[in-house]
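1. test case, fold it:
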Amino acid sequence: MSKKSKARKRAEREAASAQVANQQSPTATYPLSDPNAWDKLFGPQLNAISPQTAMTHGAVYRCVFLIAGCISMLDFRSYRNAGTPDEEWETDSPQARLIGERPNPRYSLTGFWRSVVSDMLLNGNGVAWIERAVSGVPLALWWIPWGRVGIHFQKMPWGDVDLVYTLTLDSGEWVVAHQDDVMHFGGTPQWNLFYYETPIKAYALSVGIALAADKYAKAYFDNGMSSDAVISYADKKTPAQAKEIRDYLKERFGGDNRFSGPLVLDGNAKYEPLRINAQDAQLLGSREFSRSDVGMIFGVPDHLLNQTSKSTAFGKGIEELTQAFIDFTLGPHLKTIEDEVNYKLYGNRQRRARFDRDSFVRGDLKSRAEAIQTMLGGAQGPGVISQNEARIRLGMPGKRGDAYNQILGWGAPQKPAGAAEPPAPGEKPLPDPAAPIKEKA
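-> The predicted model follows:
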(Lines give C-alpha, C1' and ligand atoms only; values in the text may rest on other atoms or scores of the structure.)
Protein backbone atom coordinates (compact mmCIF):
# COMPACT_ATOMS: atom_id res chain seq x y z
CA MET A 1 0.00 0.00 0.00
CA SER A 2 1.39 3.42 -0.94
CA LYS A 3 1.99 6.22 1.54
CA LYS A 4 -0.92 8.21 0.12
CA SER A 5 -3.29 5.25 0.50
CA LYS A 6 -2.13 4.72 4.09
CA ALA A 7 -2.59 8.40 4.89
CA ARG A 8 -6.05 8.46 3.33
CA LYS A 9 -7.12 5.35 5.19
CA ARG A 10 -5.82 6.76 8.46
CA ALA A 11 -7.69 10.03 7.89
CA GLU A 12 -10.89 8.09 7.23
CA ARG A 13 -10.34 6.06 10.38
CA GLU A 14 -9.80 9.19 12.50
CA ALA A 15 -12.92 10.75 11.02
CA ALA A 16 -14.92 7.63 11.83
CA SER A 17 -13.55 7.60 15.37
CA ALA A 18 -14.50 11.24 15.83
CA GLN A 19 -17.99 10.45 14.62
CA VAL A 20 -18.24 7.59 17.09
CA ALA A 21 -16.97 9.85 19.89
CA ASN A 22 -19.75 12.34 19.17
CA GLN A 23 -22.40 9.62 19.23
CA GLN A 24 -21.36 7.56 22.24
CA SER A 25 -21.43 8.45 25.92
CA PRO A 26 -18.06 8.76 27.69
CA THR A 27 -18.61 5.64 29.80
CA ALA A 28 -17.23 2.16 29.35
CA THR A 29 -19.72 -0.30 27.83
CA TYR A 30 -19.80 -4.06 28.26
CA PRO A 31 -21.60 -6.73 26.27
CA LEU A 32 -24.40 -8.58 28.04
CA SER A 33 -22.52 -11.84 27.48
CA ASP A 34 -19.79 -10.68 29.86
CA PRO A 35 -20.25 -12.77 33.03
CA ASN A 36 -18.50 -10.12 35.11
CA ALA A 37 -20.47 -7.15 33.78
CA TRP A 38 -22.47 -6.87 37.00
CA ASP A 39 -19.27 -6.77 39.05
CA LYS A 40 -17.81 -4.09 36.78
CA LEU A 41 -20.92 -1.94 36.90
CA PHE A 42 -22.06 -2.40 40.51
CA GLY A 43 -18.98 -3.75 42.28
CA PRO A 44 -18.18 -7.29 43.43
CA GLN A 45 -21.18 -9.24 44.64
CA LEU A 46 -21.34 -10.74 48.12
CA ASN A 47 -19.13 -13.82 48.58
CA ALA A 48 -17.92 -13.50 44.98
CA ILE A 49 -14.30 -14.00 43.93
CA SER A 50 -13.00 -10.93 42.11
CA PRO A 51 -9.44 -9.95 41.14
CA GLN A 52 -9.32 -7.73 44.21
CA THR A 53 -10.40 -10.45 46.64
CA ALA A 54 -8.18 -13.03 44.93
CA MET A 55 -5.13 -10.83 45.45
CA THR A 56 -5.68 -10.99 49.21
CA HIS A 57 -4.51 -14.59 49.13
CA GLY A 58 -0.75 -14.96 49.46
CA ALA A 59 -0.33 -17.58 46.72
CA VAL A 60 -2.32 -15.55 44.16
CA TYR A 61 -0.39 -12.38 44.99
CA ARG A 62 2.92 -14.24 44.72
CA CYS A 63 2.01 -15.83 41.36
CA VAL A 64 0.88 -12.54 39.82
CA PHE A 65 3.86 -10.62 41.21
CA LEU A 66 6.29 -13.33 40.05
CA ILE A 67 5.02 -13.65 36.47
CA ALA A 68 4.51 -9.90 35.95
CA GLY A 69 7.84 -9.10 37.61
CA CYS A 70 9.78 -11.65 35.56
CA ILE A 71 8.37 -10.35 32.27
CA SER A 72 9.14 -6.76 33.24
CA MET A 73 12.76 -7.78 33.94
CA LEU A 74 13.39 -9.01 30.39
CA ASP A 75 14.94 -6.75 27.78
CA PHE A 76 12.42 -6.02 25.01
CA ARG A 77 14.56 -5.28 21.96
CA SER A 78 13.79 -3.88 18.54
CA TYR A 79 15.55 -5.26 15.43
CA ARG A 80 15.80 -3.94 11.90
CA ASN A 81 16.15 -6.26 8.88
CA ALA A 82 14.54 -8.95 11.04
CA GLY A 83 14.99 -12.52 9.89
CA THR A 84 17.85 -11.71 7.49
CA PRO A 85 21.65 -12.03 7.84
CA ASP A 86 21.74 -8.24 8.16
CA GLU A 87 19.55 -8.22 11.29
CA GLU A 88 20.78 -5.74 13.89
CA TRP A 89 19.60 -4.38 17.21
CA GLU A 90 18.24 -0.81 16.98
CA THR A 91 17.78 1.71 19.76
CA ASP A 92 17.08 5.00 17.96
CA SER A 93 13.58 4.45 16.51
CA PRO A 94 10.45 5.75 18.35
CA GLN A 95 9.19 2.19 18.82
CA ALA A 96 12.52 1.01 20.23
CA ARG A 97 12.58 3.84 22.75
CA LEU A 98 8.99 3.18 23.88
CA ILE A 99 9.48 -0.56 24.51
CA GLY A 100 13.11 -0.40 25.60
CA GLU A 101 13.47 2.82 27.60
CA ARG A 102 10.24 4.47 28.75
CA PRO A 103 6.65 4.10 27.47
CA ASN A 104 5.49 7.54 28.60
CA PRO A 105 6.64 10.41 30.81
CA ARG A 106 4.52 9.33 33.77
CA TYR A 107 5.78 5.88 34.79
CA SER A 108 8.63 3.51 34.10
CA LEU A 109 8.92 0.63 31.69
CA THR A 110 8.89 -1.86 34.57
CA GLY A 111 5.71 -0.38 36.01
CA PHE A 112 4.06 -0.40 32.59
CA TRP A 113 4.63 -4.11 31.91
CA ARG A 114 3.83 -5.13 35.48
CA SER A 115 0.46 -3.41 35.22
CA VAL A 116 -0.34 -4.82 31.77
CA VAL A 117 0.62 -8.40 32.69
CA SER A 118 -1.21 -8.22 36.05
CA ASP A 119 -4.37 -7.25 34.18
CA MET A 120 -3.79 -10.16 31.79
CA LEU A 121 -3.49 -12.63 34.67
CA LEU A 122 -6.36 -11.36 36.82
CA ASN A 123 -8.88 -10.04 34.27
CA GLY A 124 -7.75 -11.94 31.18
CA ASN A 125 -7.19 -8.71 29.25
CA GLY A 126 -4.35 -6.19 29.22
CA VAL A 127 -4.90 -2.99 27.23
CA ALA A 128 -2.42 -0.30 26.14
CA TRP A 129 -3.34 2.75 24.09
CA ILE A 130 -0.84 3.93 21.45
CA GLU A 131 -0.79 7.72 21.44
CA ARG A 132 0.29 8.81 17.97
CA ALA A 133 1.23 12.04 16.25
CA VAL A 134 -0.75 13.26 13.24
CA SER A 135 1.81 11.55 11.02
CA GLY A 136 1.17 8.21 12.73
CA VAL A 137 4.48 8.08 14.63
CA PRO A 138 3.92 6.61 18.12
CA LEU A 139 4.54 9.10 20.92
CA ALA A 140 3.64 7.16 24.06
CA LEU A 141 2.14 3.94 25.38
CA TRP A 142 -0.53 4.19 28.09
CA TRP A 143 -1.80 1.29 30.17
CA ILE A 144 -5.59 1.41 30.54
CA PRO A 145 -7.07 -0.67 33.40
CA TRP A 146 -9.54 -3.23 32.11
CA GLY A 147 -12.35 -1.74 34.21
CA ARG A 148 -12.08 1.49 32.18
CA VAL A 149 -12.30 -0.12 28.73
CA GLY A 150 -15.41 -0.30 26.57
CA ILE A 151 -15.51 -2.13 23.22
CA HIS A 152 -18.03 -2.13 20.39
CA PHE A 153 -18.22 -2.71 16.64
CA GLN A 154 -18.20 0.15 14.14
CA LYS A 155 -18.57 0.03 10.35
CA MET A 156 -15.76 2.03 8.74
CA PRO A 157 -16.02 4.17 5.58
CA TRP A 158 -13.90 1.65 3.65
CA GLY A 159 -16.44 -1.11 4.39
CA ASP A 160 -14.74 -3.06 7.18
CA VAL A 161 -16.40 -3.66 10.52
CA ASP A 162 -13.70 -3.00 13.11
CA LEU A 163 -13.48 -2.81 16.87
CA VAL A 164 -13.57 0.63 18.46
CA TYR A 165 -12.36 1.14 22.03
CA THR A 166 -13.69 3.72 24.48
CA LEU A 167 -10.86 4.36 26.96
CA THR A 168 -10.96 6.38 30.16
CA LEU A 169 -7.54 7.85 30.96
CA ASP A 170 -6.05 8.42 34.43
CA SER A 171 -6.93 12.11 34.16
CA GLY A 172 -10.62 11.29 33.68
CA GLU A 173 -10.57 12.18 30.01
CA TRP A 174 -11.79 9.62 27.53
CA VAL A 175 -10.72 8.79 24.02
CA VAL A 176 -12.22 6.70 21.27
CA ALA A 177 -9.55 4.70 19.46
CA HIS A 178 -9.55 2.38 16.49
CA GLN A 179 -8.36 -1.19 17.02
CA ASP A 180 -5.08 -0.40 15.22
CA ASP A 181 -4.23 2.11 17.97
CA VAL A 182 -4.94 -0.23 20.89
CA MET A 183 -2.77 -3.17 21.89
CA HIS A 184 -5.04 -5.81 23.42
CA PHE A 185 -3.14 -8.62 25.18
CA GLY A 186 -4.94 -11.80 26.13
CA GLY A 187 -4.15 -13.71 29.31
CA THR A 188 -6.44 -16.67 28.62
CA PRO A 189 -6.77 -18.93 25.56
CA GLN A 190 -10.38 -18.10 24.61
CA TRP A 191 -11.59 -15.00 22.70
CA ASN A 192 -15.22 -14.02 23.23
CA LEU A 193 -16.36 -11.51 20.58
CA PHE A 194 -14.88 -8.40 22.24
CA TYR A 195 -12.44 -9.67 24.83
CA TYR A 196 -10.64 -12.69 26.24
CA GLU A 197 -12.47 -14.78 28.80
CA THR A 198 -11.62 -13.88 32.35
CA PRO A 199 -9.58 -16.47 34.28
CA ILE A 200 -11.65 -15.78 37.39
CA LYS A 201 -14.05 -18.52 36.34
CA ALA A 202 -11.13 -20.96 36.24
CA TYR A 203 -9.64 -20.19 39.63
CA ALA A 204 -12.72 -18.99 41.52
CA LEU A 205 -13.30 -22.35 43.21
CA SER A 206 -9.66 -22.97 44.09
CA VAL A 207 -9.07 -19.42 45.30
CA GLY A 208 -12.35 -19.51 47.22
CA ILE A 209 -11.26 -22.67 49.02
CA ALA A 210 -7.85 -21.14 49.74
CA LEU A 211 -9.41 -17.97 51.17
CA ALA A 212 -11.80 -20.07 53.25
CA ALA A 213 -8.84 -22.05 54.61
CA ASP A 214 -7.09 -18.82 55.57
CA LYS A 215 -10.21 -17.51 57.32
CA TYR A 216 -10.60 -20.79 59.16
CA ALA A 217 -6.95 -20.72 60.24
CA LYS A 218 -7.36 -17.15 61.51
CA ALA A 219 -10.47 -18.10 63.47
CA TYR A 220 -8.70 -21.19 64.78
CA PHE A 221 -5.87 -19.17 66.31
CA ASP A 222 -7.99 -16.15 67.28
CA ASN A 223 -10.35 -18.13 69.45
CA GLY A 224 -8.51 -19.81 72.29
CA MET A 225 -11.72 -20.49 74.19
CA SER A 226 -14.76 -21.44 72.13
CA SER A 227 -17.80 -23.67 72.33
CA ASP A 228 -16.03 -26.82 71.14
CA ALA A 229 -15.44 -27.94 74.74
CA VAL A 230 -17.66 -29.13 77.59
CA ILE A 231 -17.52 -28.21 81.30
CA SER A 232 -19.37 -30.61 83.55
CA TYR A 233 -20.35 -30.24 87.21
CA ALA A 234 -21.43 -32.82 89.72
CA ASP A 235 -24.53 -30.81 90.57
CA LYS A 236 -27.01 -29.50 88.06
CA LYS A 237 -26.77 -25.87 86.86
CA THR A 238 -29.66 -23.69 85.85
CA PRO A 239 -29.64 -22.07 82.36
CA ALA A 240 -28.83 -18.71 83.95
CA GLN A 241 -25.85 -20.18 85.84
CA ALA A 242 -24.61 -21.95 82.70
CA LYS A 243 -24.81 -18.71 80.75
CA GLU A 244 -22.93 -16.82 83.45
CA ILE A 245 -20.11 -19.41 83.46
CA ARG A 246 -19.96 -19.43 79.66
CA ASP A 247 -19.82 -15.63 79.38
CA TYR A 248 -17.13 -15.42 82.04
CA LEU A 249 -14.92 -17.98 80.29
CA LYS A 250 -15.31 -16.28 76.92
CA GLU A 251 -14.46 -12.88 78.36
CA ARG A 252 -11.59 -14.13 80.55
CA PHE A 253 -9.90 -16.62 78.23
CA GLY A 254 -11.23 -15.96 74.73
CA GLY A 255 -9.72 -13.96 71.86
CA ASP A 256 -6.61 -12.00 72.80
CA ASN A 257 -6.78 -13.30 76.41
CA ARG A 258 -6.24 -16.92 75.45
CA PHE A 259 -2.60 -16.77 76.64
CA SER A 260 -3.38 -15.02 79.94
CA GLY A 261 -2.74 -18.11 82.10
CA PRO A 262 -4.11 -21.55 82.93
CA LEU A 263 -7.80 -22.16 83.31
CA VAL A 264 -8.91 -22.65 86.95
CA LEU A 265 -12.36 -24.03 87.72
CA ASP A 266 -13.95 -24.57 91.09
CA GLY A 267 -16.90 -26.56 92.31
CA ASN A 268 -15.52 -29.93 91.15
CA ALA A 269 -15.87 -28.80 87.54
CA LYS A 270 -14.40 -30.96 84.83
CA TYR A 271 -13.17 -29.48 81.52
CA GLU A 272 -13.10 -31.76 78.45
CA PRO A 273 -11.90 -30.24 75.12
CA LEU A 274 -13.69 -31.38 71.98
CA ARG A 275 -11.41 -29.47 69.61
CA ILE A 276 -9.07 -31.50 67.43
CA ASN A 277 -5.54 -30.16 67.09
CA ALA A 278 -4.21 -28.44 63.97
CA GLN A 279 -2.45 -31.57 62.74
CA ASP A 280 -5.53 -33.76 63.13
CA ALA A 281 -7.65 -31.11 61.44
CA GLN A 282 -5.22 -31.11 58.45
CA LEU A 283 -5.19 -27.32 58.72
CA LEU A 284 -1.62 -26.90 57.58
CA GLY A 285 -1.96 -29.57 54.90
CA SER A 286 -5.09 -27.99 53.44
CA ARG A 287 -3.40 -24.59 53.23
CA GLU A 288 -0.35 -26.13 51.54
CA PHE A 289 -2.63 -27.90 49.05
CA SER A 290 -4.39 -24.60 48.32
CA ARG A 291 -1.08 -22.95 47.51
CA SER A 292 -0.13 -25.79 45.16
CA ASP A 293 -3.56 -25.67 43.51
CA VAL A 294 -3.30 -21.92 42.88
CA GLY A 295 0.25 -22.38 41.59
CA MET A 296 -0.96 -25.07 39.19
CA ILE A 297 -3.56 -22.70 37.72
CA PHE A 298 -1.01 -19.94 37.14
CA GLY A 299 1.73 -22.36 36.07
CA VAL A 300 4.11 -21.54 38.95
CA PRO A 301 6.11 -24.50 40.39
CA ASP A 302 6.02 -25.17 44.13
CA HIS A 303 9.62 -24.17 44.79
CA LEU A 304 8.89 -20.63 43.56
CA LEU A 305 6.10 -20.49 46.18
CA ASN A 306 8.60 -21.47 48.91
CA GLN A 307 7.37 -25.05 49.00
CA THR A 308 10.47 -27.25 48.70
CA SER A 309 9.47 -30.29 50.72
CA LYS A 310 9.30 -32.61 47.72
CA SER A 311 12.38 -34.61 46.76
CA THR A 312 12.19 -33.49 43.12
CA ALA A 313 12.77 -29.88 44.17
CA PHE A 314 16.45 -30.28 45.01
CA GLY A 315 19.63 -29.96 42.97
CA LYS A 316 19.05 -30.52 39.28
CA GLY A 317 15.30 -30.69 39.83
CA ILE A 318 15.04 -27.00 40.72
CA GLU A 319 16.91 -25.98 37.58
CA GLU A 320 14.64 -28.10 35.37
CA LEU A 321 11.49 -26.81 37.08
CA THR A 322 12.66 -23.22 36.66
CA GLN A 323 13.38 -23.82 32.97
CA ALA A 324 9.90 -25.32 32.56
CA PHE A 325 8.44 -22.19 34.20
CA ILE A 326 10.28 -20.00 31.67
CA ASP A 327 9.26 -22.12 28.66
CA PHE A 328 5.67 -23.07 29.45
CA THR A 329 4.43 -20.30 31.78
CA LEU A 330 6.26 -17.16 30.68
CA GLY A 331 6.63 -18.30 27.06
CA PRO A 332 2.95 -18.04 26.00
CA HIS A 333 2.59 -14.61 27.64
CA LEU A 334 5.78 -13.35 25.99
CA LYS A 335 4.62 -14.59 22.57
CA THR A 336 1.23 -12.90 23.05
CA ILE A 337 2.91 -9.57 23.80
CA GLU A 338 5.38 -9.89 20.91
CA ASP A 339 2.64 -10.66 18.36
CA GLU A 340 0.49 -7.71 19.38
CA VAL A 341 3.38 -5.24 19.58
CA ASN A 342 4.80 -6.27 16.21
CA TYR A 343 1.43 -5.93 14.46
CA LYS A 344 0.06 -2.79 16.14
CA LEU A 345 3.20 -0.81 17.00
CA TYR A 346 5.45 -1.76 14.07
CA GLY A 347 3.30 -2.97 11.18
CA ASN A 348 6.50 -3.55 9.20
CA ARG A 349 7.88 -7.03 8.59
CA GLN A 350 11.42 -5.71 8.29
CA ARG A 351 11.39 -4.44 11.87
CA ARG A 352 10.41 -6.67 14.77
CA ALA A 353 10.57 -6.74 18.56
CA ARG A 354 11.62 -9.72 20.69
CA PHE A 355 12.13 -10.39 24.37
CA ASP A 356 15.63 -11.50 25.33
CA ARG A 357 14.71 -14.81 26.95
CA ASP A 358 18.37 -15.69 27.57
CA SER A 359 18.38 -13.24 30.48
CA PHE A 360 16.89 -15.96 32.70
CA VAL A 361 18.98 -18.87 31.45
CA ARG A 362 22.18 -18.01 33.27
CA GLY A 363 22.96 -20.83 35.71
CA ASP A 364 26.01 -20.77 37.97
CA LEU A 365 29.30 -19.16 36.93
CA LYS A 366 30.97 -22.47 36.00
CA SER A 367 28.08 -23.56 33.77
CA ARG A 368 27.95 -20.15 32.10
CA ALA A 369 31.70 -20.20 31.44
CA GLU A 370 31.50 -23.67 29.87
CA ALA A 371 28.52 -22.68 27.73
CA ILE A 372 30.20 -19.49 26.51
CA GLN A 373 33.41 -21.39 25.71
CA THR A 374 31.39 -23.79 23.54
CA MET A 375 29.62 -20.88 21.82
CA LEU A 376 32.97 -19.25 21.10
CA GLY A 377 34.10 -22.31 19.18
CA GLY A 378 35.56 -24.61 21.81
CA ALA A 379 38.06 -26.93 20.14
CA GLN A 380 38.58 -25.05 16.88
CA GLY A 381 34.98 -24.24 16.09
CA PRO A 382 32.49 -23.64 14.79
CA GLY A 383 31.63 -20.67 16.95
CA VAL A 384 28.35 -18.79 17.03
CA ILE A 385 29.41 -15.68 18.93
CA SER A 386 32.50 -13.45 18.99
CA GLN A 387 34.65 -12.55 21.98
CA ASN A 388 32.94 -9.18 22.35
CA GLU A 389 29.50 -10.84 22.35
CA ALA A 390 30.74 -13.23 25.04
CA ARG A 391 32.02 -10.34 27.15
CA ILE A 392 28.68 -8.54 26.84
CA ARG A 393 26.86 -11.70 28.01
CA LEU A 394 29.10 -11.71 31.09
CA GLY A 395 28.31 -8.07 31.78
CA MET A 396 31.69 -6.70 30.64
CA PRO A 397 32.33 -4.07 27.96
CA GLY A 398 33.67 -5.11 24.57
CA LYS A 399 37.18 -4.49 23.30
CA ARG A 400 38.29 -2.50 20.28
CA GLY A 401 39.67 -4.33 17.25
CA ASP A 402 38.35 -6.53 14.47
CA ALA A 403 39.87 -9.64 16.04
CA TYR A 404 37.41 -9.41 18.94
CA ASN A 405 34.42 -9.32 16.58
CA GLN A 406 35.36 -12.40 14.49
CA ILE A 407 33.63 -15.75 14.83
CA LEU A 408 35.65 -18.96 14.79
CA GLY A 409 34.90 -21.47 12.01
CA TRP A 410 35.80 -25.13 11.56
CA GLY A 411 39.59 -25.45 11.70
CA ALA A 412 39.99 -21.74 11.09
CA PRO A 413 41.29 -20.07 14.22
CA GLN A 414 41.13 -16.33 14.40
CA LYS A 415 44.08 -14.59 12.78
CA PRO A 416 45.50 -11.61 14.66
CA ALA A 417 45.21 -8.33 12.82
CA GLY A 418 48.24 -7.69 10.57
CA ALA A 419 49.50 -11.31 10.59
CA ALA A 420 51.08 -12.64 7.35
CA GLU A 421 49.29 -15.26 5.25
CA PRO A 422 50.64 -18.84 5.69
CA PRO A 423 52.74 -20.21 2.73
CA ALA A 424 51.10 -22.42 0.14
CA PRO A 425 52.02 -26.15 0.12
CA GLY A 426 55.51 -26.64 -1.37
CA GLU A 427 56.30 -22.96 -1.27
CA LYS A 428 59.28 -21.68 0.70
CA PRO A 429 58.16 -19.39 3.52
CA LEU A 430 59.21 -15.77 3.35
CA PRO A 431 61.71 -14.60 5.96
CA ASP A 432 60.40 -12.66 8.89
CA PRO A 433 61.65 -9.06 8.51
CA ALA A 434 61.64 -8.64 12.27
CA ALA A 435 63.91 -11.66 12.89
CA PRO A 436 67.64 -10.97 13.52
CA ILE A 437 70.04 -11.68 10.56
CA LYS A 438 72.31 -14.64 11.10
CA GLU A 439 75.92 -14.18 9.92
CA LYS A 440 77.56 -16.96 7.96
CA ALA A 441 80.49 -18.73 9.64
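2. ok, the residue lying closest to residue 295 once chain neighbours are set aside - how many residues close by?
-> The spatially closest residue to residue 295, leaving aside those adjacent along the chain, is residue 305, at 5.2 Å (Cβ to Cβ, 6 or more residues apart in numbering). Quick note: C-beta positions are derived from backbone N, CA and C, even for glycine. Using other Cβ atoms under 10 Å, residue 305 is surrounded by 19 other residues.
3. could you do residue 323 as well?
-> Residue 323, neighbours per other Cβ under 10 Å, totals 13.
4. residue 304 versus that one, what's the distance?
-> 12 Å (Cβ to Cβ, to the nearest Å).
5. please report how far the residue nearest to residue 182 when sequence neighbours are not counted lies from residue 190.
-> Sequence neighbours aside, residue 165 is the residue nearest to residue 182 in space, at 4.7 Å (criterion: Cβ to Cβ, 6+ apart). Here the criterion is Cβ to Cβ. By it, residue 165 lies 20 Å from residue 190.
6. among the two, which residue is more densely surrounded?
-> Legend: neighbour count by other Cβ under 10 Å for residue 165 and residue 190, higher for residue 165 (22 against 11).
7. part of a strand, is that one?
-> Yes. Assessed by DSSP: H, G, I helix; E, B strand; the rest coil, residue 165 belongs to a strand.
8. what are the ranges of the strands in this protein?
-> 76-80, 88-90, 125-132, 138-144, 149-155, 161-168, 174-178, 182-186, 191-192, 195-196, 229-232, 270-273, 351-355 (DSSP state E).
9. want to throw the ones you listed into TSV with mean pLDDT and distance to residue 60?
-> Converted to TSV, these look like this (pLDDT from 0 to 100; distance: least, Cβ to Cβ, whole Å):
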stretch	mean pLDDT	distance to residue 60
strand 76-80	91	26
strand 88-90	88	37
strand 125-132	95	17
strand 138-144	96	21
strand 149-155	90	22
strand 161-168	92	26
strand 174-178	92	31
strand 182-186	96	19
strand 191-192	85	23
strand 195-196	90	19
strand 229-232	66	35
strand 270-273	66	34
strand 351-355	92	24
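10. could I get those strands as JSON lines with distance to residue 249?
-> Supplementary listing: the strands of the chain in JSON lines, determined by distance: least, Cβ to Cβ, whole Å:
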{"stretch": "strand 76-80", "distance to residue 249": "62"}
{"stretch": "strand 88-90", "distance to residue 249": "73"}
{"stretch": "strand 125-132", "distance to residue 249": "53"}
{"stretch": "strand 138-144", "distance to residue 249": "55"}
{"stretch": "strand 149-155", "distance to residue 249": "55"}
{"stretch": "strand 161-168", "distance to residue 249": "55"}
{"stretch": "strand 174-178", "distance to residue 249": "60"}
{"stretch": "strand 182-186", "distance to residue 249": "56"}
{"stretch": "strand 191-192", "distance to residue 249": "56"}
{"stretch": "strand 195-196", "distance to residue 249": "54"}
{"stretch": "strand 229-232", "distance to residue 249": "8"}
{"stretch": "strand 270-273", "distance to residue 249": "9"}
{"stretch": "strand 351-355", "distance to residue 249": "61"}
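11. so which of these gets nearest residue 107?
-> strand 138-144 (8.2 Å; Cβ to Cβ).
12. could you check the angle strand 161-168 makes with that closest one?
-> Put simply, strand 138-144 runs at 70 degrees to strand 161-168, going by axes from the mean of the first three to the mean of the last three Cα atoms, to 10 degrees.
13. could you name the helices and strands sitting against strand 138-144?
-> helix 94-100, helix 109-123, strand 125-132 (3 or more Cβ pairs under 8 Å, 6 or more residues apart in numbering; DSSP states H and E).
14. tell me the buried residues in it?
-> 138, 140, 141, 142, 143, 144 (16 or more other Cβ atoms under 10 Å).
15. of those residues, closest to residue 333?
-> residue 143 (15.5 Å).
16. go ahead and confirm the closest one touches residue 128.
-> Yes. The pair residue 143 / residue 128 is scored as a contact, 5.4 Å apart, by Cβ atoms under 8 Å.
17. give the residues shared as contacts by the two.
-> Here residue 143 and residue 128 have 103, 112, 116 as joint contacts, going by Cβ atoms under 8 Å, 6 or more residues apart in numbering.
18. run a quick neighbour tally on the first one.
-> If you count neighbours by other Cβ under 10 Å, residue 103 ends up with 24.
19. going forward, count from 4.
-> Noted, 4 is the first residue going forward, which turns the last one into residue 106.
20. residues touching the nearest residue to it once chain neighbours are set aside, list them.
-> In space, and not counting its chain neighbours, residue 106 is closest to residue 144: 3.8 Å by Cβ to Cβ, 6+ apart. By Cβ under 8 Å, 6+ apart, the residues touching residue 144 are 101, 102, 106, 107, 115, 131, 132, 133, 134, 186, 348.
21. now tabulate those in TSV and tack on distance to residue 239.
-> Below are those laid out as TSV (distance: Cβ to Cβ, whole Å):
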residue	distance to residue 239
101	81
102	80
106	77
107	77
115	72
131	74
132	76
133	80
134	81
186	76
348	82
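22. got a winner among those residues for most neighbours?
-> residue 131 (28 neighbours).
23. surely that residue meets residue 180?
-> No. Here residue 131 lies out of contact with residue 180, judged by Cβ under 8 Å, at a distance of 10.7 Å.
24. and the helices in the stretch 154-303 of the chain?
-> 203-225, 242-256, 286-301 (DSSP state H, counting those that start in this stretch).
25. where in this structure is pLDDT low?
-> 4-51, 204-237, 255-272, 274-293, 311-320, 362, 364-370, 382-384, 398, 413-444 (pLDDT under 70).
26. could you list the domains of it?
-> Domain assignment for the chain, taken from automatic domain parsing, gives 4-225+283-364, 230-277, 371-408.
27. give me the buried positions along the last one.
-> Looking back up the chat, that one is domain 371-408. By 16+ other Cβ under 10 Å, the buried positions in domain 371-408 come out as 375, 378-380, 384, 386, 388-394, 396, 406-407.
28. of those, closest to residue 82?
-> residue 392 (15.2 Å).
29. identify the residues contacting stretch 130-137?
-> In contact with stretch 130-137 (Cβ under 8 Å, 6+ apart) are residues 106-107, 115, 119, 122, 141-149, 152, 168, 170, 178, 180, 184-188, 347-348.
30. likewise for stretch 145-152?
-> Contacts for stretch 145-152 (Cβ under 8 Å, 6+ apart): 31, 43, 106-107, 115, 118-119, 122, 126, 128-132, 134, 168-172.
31. gap between the two ends of stretch 305-323?
-> 13 Å (Cα to Cα, to the nearest Å).
32. this completes my enquiry, with thanks.
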